[in-house]
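Undergrad: Below is the structure, and that's it, no one-letter string:
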């Protein structure tokens, strides 16, 4: 596999053969392949037999900054999560005025850093993991200083109870 200057991967014939030999043939149609004669022959045969074609890598004519901006604007999560009112969603999980005050302070920091969509995605991710019974850790590193992440369920360390300063995480 090779990646271009934007980090987009493209797969060669040898990569596809390795996937097939390793029992991962279903992944082949989800990848972008180099445009070779053999790949074209495969796609012609796939079309004749009603099978999925292989995707062909097409280089994009954009610079890195434009690419990053466009990719960061797209969040692959259900639409219901894209419009969550973070304040309302999280304040419903608070038990007292001290927690609400901390929530307000942290949310202001996240918003200032344009990280609201990251928090919405984290809500989706935790809900997805719970629904599919996927286990994750208790917490690690400076992220446990964030009360917002505790309310979302990313970690299980009540940062107010332990007097942790969320600025450690926001550095």
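TA: The structure has been received and is ready for your questions. Keep in mind it's a predicted model, so treat the numbers as computed, not measured. Residues are numbered from 1 along each chain as shown.
Undergrad: Can you give me the pLDDT of residue 69?
TA: Looking at residue 69, its pLDDT reads 78.
Undergrad: Please parse the protein into its domains.
TA: 2-73, 79-170 (automatic domain parsing).
Undergrad: which of those domains has the lowest average pLDDT?
TA: Mean pLDDT values for those show the minimum at domain 2-73, a mean of 86.
Undergrad: Determine the number of other residues adjacent to the closest residue to residue 3 other than its chain neighbours.
TA: Using CB to CB, 6 or more residues apart in numbering and skipping residues adjacent in sequence, the residue nearest residue 3 is residue 9, 5.1 Å away. C-beta: built from backbone N, CA, C; applies to glycine. Using other CB atoms under 10 Å, residue 9 has 12 neighbouring residues.
Undergrad: what about residue 9, distance to residue 150?
TA: In this view, residue 9 and residue 150 are 35 Å apart by CB to CB, to the nearest Å.
Undergrad: And for residue 123?
TA: Going from residue 123 to residue 150 by CB to CB gives 13 Å.
Undergrad: Same question for residue 15.
TA: With distances taken as CB to CB, residue 15 is found 42 Å from residue 150.
Undergrad: Same check on residue 122?
TA: Distance, residue 122 to residue 150, by CB to CB: 11 Å.
Undergrad: neighbour-wise, which of these two wins?
TA: For residue 122 versus residue 150, the count of surrounding residues by other CB under 10 Å is larger for residue 150: 27 against 18.
Undergrad: Touching, that one and residue 158? I think so.
TA: Yes: look at residue 150 against residue 158 with CB atoms under 8 Å: they come within range, at 6.0 Å.
Undergrad: What is the end-to-end distance of stretch 124-140?
TA: Counting by CA to CA, to the nearest Å, you get 20 Å between the two ends of stretch 124-140.
Undergrad: again, but for stretch 140-147
TA: This stretch, stretch 140-147, spans 13 Å end to end (CA to CA).
Undergrad: Now tell me what touches it from outside.
TA: Stretch 140-147 has contacts (CB atoms under 8 Å, 6 or more residues apart in numbering) with 99, 102-103, 106, 149-150, 154-155, 157-160, 164-171.
Undergrad: With stretch 25-35 instead?
TA: Stretch 25-35 is touched from outside by 2, 8-13, 15-16, 19-20, 39, 52-58, with contacts defined as CB under 8 Å, 6+ apart.
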